[in-house]
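> Output the structure for:
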Amino acid sequence: VEYGEEPGEVEGEDVMIAPERILYRESKVAASIYRPSSNITPQRLDCVKILYIPTTYVGSQIYGPFCAYPDSVYSEWHSAISRVLPSVRFKAHPKSRGHLKLPGREDKRWLEDCIEEYDVLILDYMATSTVLAMLTDKPVIFFDIGLRRLTKDFMNTLKERCHYIRIDINGNLDQQAQEGIASFSLSTCCWS
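Residues are numbered from 1 along each chain as shown. Take a look at the predicted model:
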(Lines give C-alpha, C1' and ligand atoms only; values in the text may rest on other atoms or scores of the structure.)
Protein backbone atom coordinates (compact mmCIF):
# COMPACT_ATOMS: atom_id res chain seq x y z
CA VAL A 1 0.00 0.00 0.00
CA GLU A 2 1.41 3.35 -1.07
CA TYR A 3 0.23 6.83 -0.17
CA GLY A 4 -0.34 9.53 -2.76
CA GLU A 5 -1.19 9.46 -6.42
CA GLU A 6 -0.10 6.58 -8.64
CA PRO A 7 3.23 7.65 -10.18
CA GLY A 8 3.00 5.45 -13.26
CA GLU A 9 5.93 3.15 -14.05
CA VAL A 10 8.48 3.13 -11.24
CA GLU A 11 11.98 1.99 -12.16
CA GLY A 12 14.83 1.00 -9.91
CA GLU A 13 12.69 -0.14 -6.99
CA ASP A 14 14.85 -2.42 -4.86
CA VAL A 15 12.39 -4.95 -3.45
CA MET A 16 12.89 -8.56 -2.51
CA ILE A 17 9.55 -9.69 -3.93
CA ALA A 18 7.78 -7.54 -6.50
CA PRO A 19 4.12 -6.98 -5.60
CA GLU A 20 1.44 -8.33 -7.90
CA ARG A 21 -0.57 -5.18 -7.36
CA ILE A 22 0.00 -1.82 -5.68
CA LEU A 23 -2.88 -0.01 -4.00
CA TYR A 24 -2.66 3.78 -3.75
CA ARG A 25 -4.55 5.73 -1.17
CA GLU A 26 -4.68 9.19 0.32
CA SER A 27 -4.37 10.30 3.92
CA LYS A 28 -6.70 13.10 4.99
CA VAL A 29 -4.70 13.53 8.21
CA ALA A 30 -1.40 13.85 6.31
CA ALA A 31 -2.96 16.22 3.78
CA SER A 32 -4.31 18.44 6.58
CA ILE A 33 -0.87 18.69 8.23
CA TYR A 34 1.27 19.01 5.08
CA ARG A 35 2.97 22.41 4.92
CA PRO A 36 5.67 22.40 2.20
CA SER A 37 8.62 24.67 2.89
CA SER A 38 12.21 24.88 1.72
CA ASN A 39 13.17 27.29 4.49
CA ILE A 40 12.86 25.43 7.81
CA THR A 41 15.46 26.85 10.17
CA PRO A 42 16.53 26.29 13.79
CA GLN A 43 14.89 28.31 16.54
CA ARG A 44 15.95 29.41 19.98
CA LEU A 45 14.50 26.84 22.32
CA ASP A 46 14.10 29.13 25.32
CA CYS A 47 11.10 30.96 23.87
CA VAL A 48 9.16 28.36 21.86
CA LYS A 49 6.73 25.52 22.52
CA ILE A 50 8.48 22.15 22.17
CA LEU A 51 6.76 18.78 21.78
CA TYR A 52 8.65 15.52 22.25
CA ILE A 53 6.87 12.67 20.45
CA PRO A 54 8.16 9.33 21.79
CA THR A 55 6.96 5.84 21.02
CA THR A 56 5.29 3.60 23.59
CA TYR A 57 6.51 2.19 26.82
CA VAL A 58 6.13 -1.53 26.24
CA GLY A 59 6.07 -3.04 29.72
CA SER A 60 7.00 -6.71 29.40
CA GLN A 61 5.93 -6.93 25.76
CA ILE A 62 9.29 -6.31 24.08
CA TYR A 63 9.23 -7.72 20.56
CA GLY A 64 12.26 -8.28 18.39
CA PRO A 65 15.54 -6.42 18.12
CA PHE A 66 15.72 -2.66 17.46
CA CYS A 67 12.02 -2.16 18.23
CA ALA A 68 12.05 -1.10 21.88
CA TYR A 69 14.18 -0.65 24.97
CA PRO A 70 13.15 -1.78 28.42
CA ASP A 71 10.93 0.90 29.93
CA SER A 72 13.57 1.81 32.54
CA VAL A 73 16.13 2.60 29.79
CA TYR A 74 13.65 4.57 27.67
CA SER A 75 12.41 6.44 30.74
CA GLU A 76 15.95 7.47 31.70
CA TRP A 77 16.44 8.92 28.19
CA HIS A 78 13.22 10.92 28.58
CA SER A 79 14.34 12.13 32.00
CA ALA A 80 17.62 13.37 30.50
CA ILE A 81 15.67 15.33 27.88
CA SER A 82 13.43 16.76 30.60
CA ARG A 83 16.45 17.89 32.63
CA VAL A 84 18.03 19.58 29.58
CA LEU A 85 14.75 21.09 28.30
CA PRO A 86 12.51 21.69 31.35
CA SER A 87 9.85 23.40 29.21
CA VAL A 88 9.37 20.40 26.88
CA ARG A 89 6.00 18.68 26.73
CA PHE A 90 5.87 14.96 26.06
CA LYS A 91 3.19 13.57 23.77
CA ALA A 92 1.64 10.63 25.56
CA HIS A 93 1.30 7.65 23.23
CA PRO A 94 -2.29 6.37 23.12
CA LYS A 95 -1.15 2.72 23.03
CA SER A 96 1.49 2.78 25.76
CA ARG A 97 1.49 -0.47 27.75
CA GLY A 98 4.07 0.28 30.41
CA HIS A 99 3.38 1.53 33.89
CA LEU A 100 5.96 4.34 33.85
CA LYS A 101 4.86 7.92 33.37
CA LEU A 102 6.58 10.40 31.13
CA PRO A 103 8.56 13.06 33.01
CA GLY A 104 7.28 16.62 33.19
CA ARG A 105 4.21 17.85 31.38
CA GLU A 106 2.23 15.65 28.99
CA ASP A 107 -0.06 16.36 26.09
CA LYS A 108 -2.62 13.55 25.90
CA ARG A 109 -4.49 14.71 22.80
CA TRP A 110 -4.20 12.95 19.45
CA LEU A 111 -1.12 14.16 17.59
CA GLU A 112 -3.09 15.60 14.68
CA ASP A 113 -5.15 17.64 17.19
CA CYS A 114 -2.14 19.33 18.83
CA ILE A 115 0.84 19.31 16.44
CA GLU A 116 0.07 22.76 15.02
CA GLU A 117 0.31 24.36 18.48
CA TYR A 118 4.03 23.59 18.84
CA ASP A 119 7.00 25.37 17.30
CA VAL A 120 9.65 22.61 17.46
CA LEU A 121 9.11 18.84 17.36
CA ILE A 122 11.47 16.22 18.81
CA LEU A 123 11.43 12.55 17.81
CA ASP A 124 13.39 9.40 18.61
CA TYR A 125 11.55 6.66 16.74
CA MET A 126 10.44 6.04 13.18
CA ALA A 127 6.65 5.66 13.14
CA THR A 128 3.52 7.42 11.89
CA SER A 129 4.27 10.36 14.21
CA THR A 130 7.64 10.87 12.51
CA VAL A 131 6.06 11.04 9.08
CA LEU A 132 3.43 13.51 10.32
CA ALA A 133 6.11 15.69 11.93
CA MET A 134 8.16 15.66 8.72
CA LEU A 135 5.12 16.88 6.77
CA THR A 136 4.90 20.09 8.82
CA ASP A 137 6.91 23.24 8.25
CA LYS A 138 8.29 23.08 11.80
CA PRO A 139 11.89 22.36 12.77
CA VAL A 140 12.28 18.69 13.75
CA ILE A 141 15.05 17.26 15.93
CA PHE A 142 15.54 13.52 15.46
CA PHE A 143 17.51 11.78 18.20
CA ASP A 144 18.61 8.42 16.80
CA ILE A 145 18.73 6.34 19.97
CA GLY A 146 19.35 3.11 18.06
CA LEU A 147 15.81 1.89 17.52
CA ARG A 148 14.56 0.88 14.08
CA ARG A 149 16.79 0.24 11.12
CA LEU A 150 16.30 2.64 8.22
CA THR A 151 17.31 2.26 4.60
CA LYS A 152 20.14 4.45 3.35
CA ASP A 153 17.73 6.38 1.10
CA PHE A 154 15.31 7.11 3.91
CA MET A 155 18.15 8.03 6.29
CA ASN A 156 19.26 10.62 3.71
CA THR A 157 15.69 11.97 3.50
CA LEU A 158 15.50 12.10 7.30
CA LYS A 159 18.74 14.11 7.49
CA GLU A 160 17.55 16.50 4.75
CA ARG A 161 14.39 17.21 6.73
CA CYS A 162 15.48 16.94 10.38
CA HIS A 163 18.34 17.96 12.63
CA TYR A 164 19.78 14.46 13.11
CA ILE A 165 21.67 13.49 16.27
CA ARG A 166 23.07 10.02 16.96
CA ILE A 167 22.79 8.96 20.62
CA ASP A 168 24.66 6.18 22.42
CA ILE A 169 21.95 4.92 24.78
CA ASN A 170 24.66 3.43 27.03
CA GLY A 171 26.59 6.70 27.28
CA ASN A 172 26.10 9.87 29.34
CA LEU A 173 22.54 10.76 28.33
CA ASP A 174 22.44 14.23 29.92
CA GLN A 175 25.65 15.26 28.14
CA GLN A 176 24.50 13.86 24.78
CA ALA A 177 21.08 15.52 25.08
CA GLN A 178 22.74 18.84 26.00
CA GLU A 179 25.19 18.62 23.09
CA GLY A 180 22.42 17.66 20.67
CA ILE A 181 20.20 20.56 21.71
CA ALA A 182 23.18 22.95 21.53
CA SER A 183 24.06 21.71 18.03
CA PHE A 184 20.47 22.42 16.93
CA SER A 185 20.45 25.90 18.43
CA LEU A 186 23.81 26.78 16.85
CA SER A 187 23.04 25.19 13.49
CA THR A 188 22.99 27.28 10.34
CA CYS A 189 21.22 24.55 8.37
CA CYS A 190 18.08 25.03 6.39
CA TRP A 191 15.86 21.96 6.06
CA SER A 192 13.25 21.22 3.46
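> What number of residues are in the vicinity of residue 110?
The number of residues packed near residue 110 is 11, by other CB atoms under 10 Å. Heads up, the C-betas are built off the backbone N, CA and C, glycines and all.
> For residue 182, see how far away it is.
Taking CB to CB, to the nearest Å as the measure, residue 110 falls 32 Å from residue 182.
> Residue 19 now?
45 Å.
> Contacts only, for the most centrally placed residue in the chain.
Nearest residue to the geometric centre of the chain (CA atoms, centre = their mean): residue 123, 2.9 Å. Each residue near residue 123 by CB atoms under 8 Å, 6 or more residues apart in numbering is listed here: 52-53, 129-130, 133, 140-143, 162.
> Likewise for residue 84?
By CB under 8 Å, 6+ apart, the neighbours of residue 84 are 174, 177-178, 181.
> Could you check how many residues crowd around the residue nearest to residue 136 when sequence neighbours are not counted?
In this structure, residue 136 finds its nearest non-sequential neighbour in residue 35, 5.4 Å apart by CB to CB, 6 or more residues apart in numbering. Using other CB under 10 Å, residue 35 has 11 other residues around it.
> so residue 35 makes contact with residue 134?
No. Between residue 35 and residue 134 there is no contact under CB atoms under 8 Å: 10.7 Å.
> Now the element after the helix or strand of the chain with the lowest mean pLDDT, going C-ward?
Using mean pLDDT, DSSP states H and E, strand 2-3 stands out as the lowest-scoring helix or strand of the chain, at a mean of 61. Per DSSP states H and E, the first helix or strand lying C-terminal to strand 2-3 is strand 24-25.
> Downstream of that next one, the next helix or strand is which one?
helix 28-33.
> buried stuff in that next one?
residue 33 (16 or more other CB atoms under 10 Å).
> Run the chain-centre distance for it.
Remark: helix 28-33 is offset 17 Å from the chain centroid, using CA atoms, centre = their mean, to the nearest Å.
> which helices and strands does it pack with?
In terms of contacts (3 or more CB pairs under 8 Å, 6 or more residues apart in numbering; DSSP states H and E), helix 28-33 is packed against helix 111-114, helix 128-135.
> what's it in contact with?
So helix 28-33 is contacted by 3, 112, 115-116, 131-132, 135-136 (CB under 8 Å, 6+ apart).
> for this structure, what spans make up the helices?
28-33, 71-84, 111-114, 128-135, 152-161, 173-186 (DSSP state H).
> nearest to residue 60, of these?
helix 71-84 (9.0 Å; CB to CB).
> residues of the closest one that come out buried?
Quick answer for helix 71-84 (16+ other CB under 10 Å): 71, 74-75, 77-82, 84.
> Lowest pLDDT pick from these?
Lowest pLDDT of these: residue 71, 88.
> Quick check: that one touching residue 100?
Yes. Judged on CB under 8 Å, residue 71 makes contact with residue 100 at a distance of 5.0 Å.
> Which neighbours do these two have in common?
residue 57.
> okay, and for the protein, where does confidence drop off?
Applying pLDDT under 70 to the chain picks out residues 1-15, 98.
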